[in-house]
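# Okay, here's the prediction I keep looking at, along with the sequence it came from:
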Amino acid sequence: MYNVTDFFQLNWIILYFVYGQVFFVTGLVSALQSRRRSELELARSLHWLAAFGIIHGFNEWGYIFIPLQAVYLPAPLVVVLYSLHLLVLGTSFFCLFQFGIQLSRPVLSRWTRAVPGMVFILWGGVLILLAVLRTLPFDELLSLGNIFSRYGMALPGSALACLGFLRQARQVETMAMPRIARFLRGAAYTFAGYAIAGGLIVPVGPFPPASWLNYSTVIASIGIPVPVFRSILGLVMAYTITRSLEIFEAEVEQRIEAVERQRLLAEDRERIGRELHDGIIQSIYATGLALEDTFHLVQEDPTRARGRIQGVMASLDRIMGDIRDYIFELHKTERSRELENELQALVRDIQVDTLLEAEFRVEGRRCCILSADTAIQVAQIAREALSNVVQHAQAKHVVLSLHYGSDHLQLVVADDGVGLKEFPQNMNGLNGRGMANLRERARLMGGSCEFVCPREGGVTVIATVPCALEPPIQEESSG
């Protein structure tokens, strides 16, 4: 009867090819990101993970190509190929062990960095000694080398990598990136699984636990070869690590935002100092000179002094009005920036949660006044529009733009997806609850929301909201 075991035995070449492919992809992705500058320990140890993935991928492909070459090559050369294959396996696990040590370095002592190298040298030395003494047949020697490489390097390396990823997840959570922290935990649990499937379950050996926990007992128990589980773990590992490495992009964005905040703060300080000096301070100084002159007139010409005092009081009223207007202007700018920060956070979440290329732009000068409710509603429109893009547009790129006009604020969400032609019933707005919600939110703010389908494809959502230009009428000062 044809069963699961027979299926995998017939398709073992595909199995090992996929097994090697997922690890090779993990290593390649890690290698491309290994030169990133970051405060995380993950960045400083990523090159070891890259080396493990790439070398281990080649090792698994060796199970396919060496038997094919063995048919045509002389026996001594086949022995060399199998010996090199075992060396590649041990080297990959050495890199995994070193990655686990590096990732846990702040917790472990400094001398522990030499442990993987010592274990690797001891492993290789014992195998060379046994080969020279010829105390074991070549096949048994290869099996023994496989077992000890897994027990001595793969098992502790995977366990340390698991602990290291969990530690990185806790650190990332303090950086307000919970989604990436979840991917890091996923990578940690994957390495925990690999510690069992790749470190504990080994070829059949003459000593425990290899004598009772091995490839043969697993197949006899569940009928599925161990490489199947390792392939699944490798696939999950490739996904979780790839998504975890988005932390570097997020760190870069945080640095850019911090630099931008510092730049804006410096500009604000310079503008405040300039405007205070050129406007309000000069007016106060002039008023002080007028009061000083009036002081000398009180005894000599009381009538003229009274007129001067009334002029000074009017000047002080104007100065107080200027100060109120200036404070209001500062609040207006701050609220606009709060909205921009909220929209930037939405775009960053889209980049982390999906494969979309998302971009945020700000155009125009902050010249209109936003109420707190308006800012909340505009952010909600952006959130719903981006959600529609993710769920329905099948887009690869989306741009969120905020345009400041003279008397209005315009929010634009443009994607390169399938467009509304795929959903013609939504064009008139009679159907499609999401589009109706966007229009209703804009209408409640006294604005409008339009849906444009460019000829090149995609949908552009344009929400226009009116906003005030002048501060509210101030109470007249008593004087």
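It's in.
# Tell me the first helix or strand C-terminal of the helix or strand where residue 140 lies.
Here residue 140 sits within helix 138-149, counting by DSSP states H and E. On the C-terminal side of helix 138-149, the closest following helix or strand by DSSP H and E is helix 155-173.
# still on that earlier bit, mind giving me the packing neighbours of the helix holding residue 140?
The contact analysis (3 or more Cβ pairs under 8 Å, 6 or more residues apart in numbering; DSSP states H and E) places helix 138-149 against helix 75-103, helix 115-133. For the C-beta atoms, the positions are set from N, CA and C on the backbone; glycine is no exception.
# Return the set of buried residues in the longest one.
Which is helix 75-103. By neighbour count on 16 or more other Cβ atoms under 10 Å, the buried set for helix 75-103 is 78, 81-83, 85-86, 88-103.
# ok, residue 437 to residue 347 distance?
20 Å (Cβ to Cβ, to the nearest Å).
# Give the residue from the two that has the larger number of neighbours.
For residue 437 and residue 347, the more surrounded residue by other Cβ atoms under 10 Å is residue 347, and the numbers stand at 20 against 16.
# mind listing what that one touches?
358-360, 386, 400 (Cβ atoms under 8 Å, 6 or more residues apart in numbering).
# Next: residue 211.
Per Cβ under 8 Å, 6+ apart, neighbours of residue 211: 204-205.
# Recalculate using a threshold of 6 Å.
By Cβ atoms under 6 Å, 6 or more residues apart in numbering, the contact list for residue 211 reads residue 205.
# Torsion angles phi and psi at it?
Dihedral angles of residue 211 (phi, psi; degrees, to the nearest 10) stand at phi -80, psi -20.
# for this protein, what's the longest helix?
Taking DSSP state H as the criterion, the chain has its longest helix at helix 302-353.
# May I ask which two of the contacts of residue 347 are separated the most?
359 and 386 (11.7 Å; Cβ to Cβ).
# So the two - more neighbours on which side?
Ranked by neighbour count (other Cβ under 10 Å), residue 359 and residue 386 place residue 386 first, with 24 against 14.
# Remind me which helix or strand that one belongs to.
Following DSSP H and E, one finds residue 386 within helix 372-388.
# That helix to helix 302-353, inter-axis angle?
20 degrees (axes from the mean of the first three to the mean of the last three Cα atoms, to 10 degrees).
# Number the chain from 772, please
Renumbered: residue one is now 772, and that last one reads helix 1143-1159.
# Quick check: of the contacts of residue 1118, which lies closest to residue 804?
Closest to residue 804, out of all of these and judged by Cβ to Cβ, is residue 1129, at 19.5 Å.
# helix, strand or coil for the closest one?
strand (DSSP: H, G, I helix; E, B strand; the rest coil).
# wait, what's in contact with it?
Contact analysis of residue 1129 by Cβ under 6 Å, 6+ apart lists 1118, 1121-1122, 1169.
# beta partners of it?
The residues listed as beta-bridge partners of residue 1129 by DSSP bridges are residue 1169.
# closest to residue 946 out of the helices and strands packed on helix 909-920?
helix 846-874 (17.2 Å).
# average pLDDT across that closest one?
The average pLDDT within helix 846-874 is 94.
# Stretch 1220-1240 now?
So the average pLDDT for stretch 1220-1240 ends up being 83.
# tally of neighbours for residue 1220?
Neighbours of residue 1220 using other Cβ under 10 Å come to 23.
# How much space separates it from residue 933?
Plainly put, residue 1220 is 49 Å away from residue 933 if you go by Cβ to Cβ.
# So which of the helices and strands packed on helix 909-920 is nearest residue 1018?
When the helices and strands packed on helix 909-920 are compared by Cβ to Cβ, helix 846-874 sits nearest residue 1018, at 13.7 Å.
# Let me know the angle separating the closest one from helix 886-904.
Going by the same axes, to 10 degrees, helix 846-874 makes 160 degrees with helix 886-904.
# Helix 846-874 - contacts with which helices or strands?
Helix 846-874 is packed against helix 812-841, helix 886-904, helix 909-920, helix 926-944, with contacts defined by 3 or more Cβ pairs under 6 Å, 6 or more residues apart in numbering; DSSP states H and E.
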